[in-house]
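> got a structure for you, letters missing:
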């Protein structure tokens, strides 16, 4: 019975994707203008060209490098700062107005300063991604800490956890982990979206985002769409990988709590 | 069990086809019928290359001359480079584009239906090198970072060809940094993030006047008498309103002659339109540049076809574009013949 349900679900998924592709192909053929909507077959041809030329791998690695720099720093800054703001009221009151003023500024607006502060280097691209990723991580970490059940903190104190350091690392941090995981996941999504902006100002002549701009300037919309789909596919892989890591290791203790 | 997904796919397909036919049938029918055109949409860039457009606009000549043909208003769109301008033309948002002669190449290659009907100007871009760097020959640029407009633009094409002509590999021997606007390129030079910029006027004069660097090479030295900006007109306008295209060329010739005869007034018109560049800088730019305002597309024909070859060799276009793909000289030749008779 469970196996039959699983097969039906798979068939439905494949049917949905196949339908979208068929509709895409039909619309593209009716429009018959490659620059308005390249067809599925044109995009597949462009993709195969990029794969056989080896260029795509270099573009993916370049973008992942920028992403790793931005995400690494966003995690290194966002989680500790979120912890401190969530646990210490004084720090929260001092830092919160600054964070709330900077948070709404779009990552794109930081590009001139990224160039001026970091030059046309990978760190400038990483900085733009950092700006996009850090706030979801910080806010979710902060929320996770603020929502730590009081009963857990009191129980910890009764059992000998008196120092702030012990309370943070033994009580509040494990309780906030699901919220932090959500923050990192959202931050990764936003950060990956910033890759396109981060590569538009000449930090490299490779990268998925740069190639989207490059082919857009030359009006090869089949290439633009191919790189857009590659961008989406990589985001999907990163997200699935992160969810697997979180479910299998980070929050394995949660298994059975909800489902 | 399999029937349900099949029903879903059939339903999605039918809905899709209905939507597509609904979305496409009306515009196609309307697009095929000539319409009474009342508004003309121009695209241009913030460069002294294209003052002819700005002069005709400032003097009110576009409206005045086109009114007898039913045009009651004109609208213009300012673009940082030719690439987004061509994208707007592909989307059908522009009827007439003042643009470099290379951005239309990749656009026409990818399906844009438009033709170059008049010339605008030749040469007129400079390499500005950081003040502390020496320059005696192109070899001095090896290992440096040069910011210019994106691939497919005139500056990118001229720069790459010139480097190759001087045995410098633009991919290996130096870095060409693609910038989406002149402002970004100048900021990069000012902050020391690039060593040089290659931009159209007035930007080299602006960079010099603000102390960021010095002009070391003019584009006429890189490629003598190379074509630069042109007037590109949509095929729809050519097919449905050839009389308007003829008048556009007449007005363009008048405006070009006016700015040649009155360079000071040309500088003033430019600074009034592009307020970020003061009059003294735009005036200095017009004195310093090696460009020449023209209206005859025949002057730009030979190098435009060479650009087509360069872009084809660089892999920017899928096919080698010919004169018939790019130019329609009949309007200019007819207008000139009529003017000669008068």
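On my side now, so go ahead. What you are looking at is a predicted structure, and each value in this text was computed from that prediction instead of being measured.
> what helices or strands is the helix or strand hosting residue B:324 leaning on?
Using DSSP states H and E, residue B:324 sits in helix B:323-326. Contacts defined by 3 or more C-beta pairs under 8 Å, 6 or more residues apart in numbering or on different chains; DSSP states H and E place helix B:323-326 against helix B:103-109, helix B:297-313. C-betas here are computed from N, CA, C, even on glycine.
> between the ones you listed, which one is closest to chain A.
Closest approach to chain A among the helices and strands packed on helix B:323-326 is made by helix B:103-109 (4.3 Å; C-beta to the nearest C-beta).
> shaky segments in the chain?
Because you didn't say which chain, this covers chain A. The model of chain A has pLDDT under 70 over residues A:1-2, A:254-259.
> sorry, I should have been clearer: chain B.
B:1-35.
> can you spell out the domain ranges of it, please?
By the assignment in automatic domain parsing, chain B contains the domains B:39-122+B:226-341, B:125-222.
> and residue B:223, backbone torsions?
Dihedral pair for residue B:223: phi -160, psi 100, per degrees, to the nearest 10.
> so the most centrally placed residue in chain B bridges to which residues?
Centroid-nearest residue in chain B, with C-alpha atoms, centre = their mean: residue B:99, separated by 1.9 Å. According to DSSP bridges, the residues that bridge with residue B:99 are residue B:230.
> gap between it and residue B:43?
As judged by C-beta to C-beta, to the nearest Å, residue B:99 and residue B:43 stand 7 Å apart.
> shared neighbours of these two, anything?
Residues touching both residue B:99 and residue B:43 by C-beta atoms under 8 Å, 6 or more residues apart in numbering or on different chains: residue B:85.
> re earlier: list of residues touching the helix holding residue B:324?
Outside helix B:323-326, the residues touching it (C-beta under 8 Å, 6+ apart) are B:104, B:105, B:108, B:115, B:116, B:301, B:304, B:305, B:308.
> what's the closest of those residues to residue A:234?
Nearest to residue A:234, judged by C-beta to C-beta, of the contacts of helix B:323-326 is residue B:105 at 32.0 Å.
> correct me, but the closest one touches residue B:305?
No. Assessed by C-beta atoms under 8 Å, residue B:105 is found out of contact with residue B:305, at 9.9 Å.
> so for the two, which residues contact both of them?
Joint contacts of residue B:105 and residue B:305 (C-beta under 8 Å, 6+ apart) are B:321, B:326.
> before we move on, the earlier item: and the helix holding residue B:324, which residues are buried?
B:325, B:326 (16 or more other C-beta atoms under 10 Å in any protein chain shown).
> can you name the element that comes right after that helix?
Counting by DSSP H and E, what follows helix B:323-326 is helix B:330-341.
> relative to helix B:297-313, how tilted is that following helix?
160 degrees (axes from the mean of the first three to the mean of the last three C-alpha atoms, to 10 degrees).
> who are the packing partners of helix B:330-341?
Contacts defined by 3+ C-beta pairs under 8 Å, 6+ apart place helix B:330-341 against strand B:114-119, helix B:242-261.
> now that helix: how far from the chain's centre is it?
24 Å (C-alpha atoms, centre = their mean, to the nearest Å).
> tell me which residues of it come out buried.
For helix B:330-341, by 16+ other C-beta under 10 Å, it's B:331, B:332, B:335, B:336.
> please list the residues of the stretch 51-200 of chain A that sit near chain B.
Residues of the stretch 51-200 of chain A lying near chain B by C-beta under 8 Å from any C-beta of the partner chain: A:112, A:115, A:116, A:119, A:120, A:200.
> buried among those? Make that a ChimeraX selection.
Per 16+ other C-beta under 10 Å, the buried members of these correspond to this ChimeraX selection:
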select /A:115,119,120,200
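> now the residues of the stretch 51-200 of chain A next to chain B in JSON lines, with secondary structure?
Formatted as JSON lines, these follow (DSSP: H, G, I helix; E, B strand; the rest coil):
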{"residue": "A:112", "secondary structure": "helix"}
{"residue": "A:115", "secondary structure": "helix"}
{"residue": "A:116", "secondary structure": "helix"}
{"residue": "A:119", "secondary structure": "coil"}
{"residue": "A:120", "secondary structure": "coil"}
{"residue": "A:200", "secondary structure": "coil"}
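> nearest to residue B:228, of the residues of the stretch 51-200 of chain A next to chain B?
Checking those one by one against residue B:228 (C-beta to C-beta), the nearest turns out to be residue A:200, at 25.4 Å.
> quick one: the strands in the stretch 51-200 of chain B?
Using DSSP state E, counting those that start in this stretch, the strands of the stretch 51-200 of chain B run over residues B:73-78, B:96-100, B:114-119, B:121-122, B:125-130, B:145-148, B:175-178, B:196-200.
> okay, the ones you listed, which one's buried deepest?
Ranked by mean neighbour count, these are led by strand B:96-100 with a mean of 30 (mean count of other C-beta atoms under 10 Å in any protein chain shown).
> between that strand and strand B:196-200, how many degrees?
Using the same axes, to 10 degrees: strand B:96-100 against strand B:196-200 is 150 degrees.
> where exactly do the helices run in the stretch 151-300 of chain B?
In the stretch 151-300 of chain B, the segments counted as helices under DSSP state H, counting those that start in this stretch are B:154-165, B:182-190, B:203-209, B:219-222, B:235-240, B:242-261, B:263-273, B:279-288, B:297-313.
> same check, this time on chain A
A:2-31, A:40-53, A:55-87, A:89-102, A:111-118, A:122-146, A:150-158, A:164-166, A:173-198, A:208-217, A:221-245 (DSSP state H).
> what sits against the closest residue to residue A:31 other than its chain neighbours?
Excluding its sequence neighbours, the residue lying closest to residue A:31 (C-beta to C-beta, 6 or more residues apart in numbering or on different chains) is residue A:37, at 5.3 Å. The neighbours of residue A:37, taking C-beta under 8 Å, 6+ apart as the test, are A:24, A:27, A:28, A:31, A:221.
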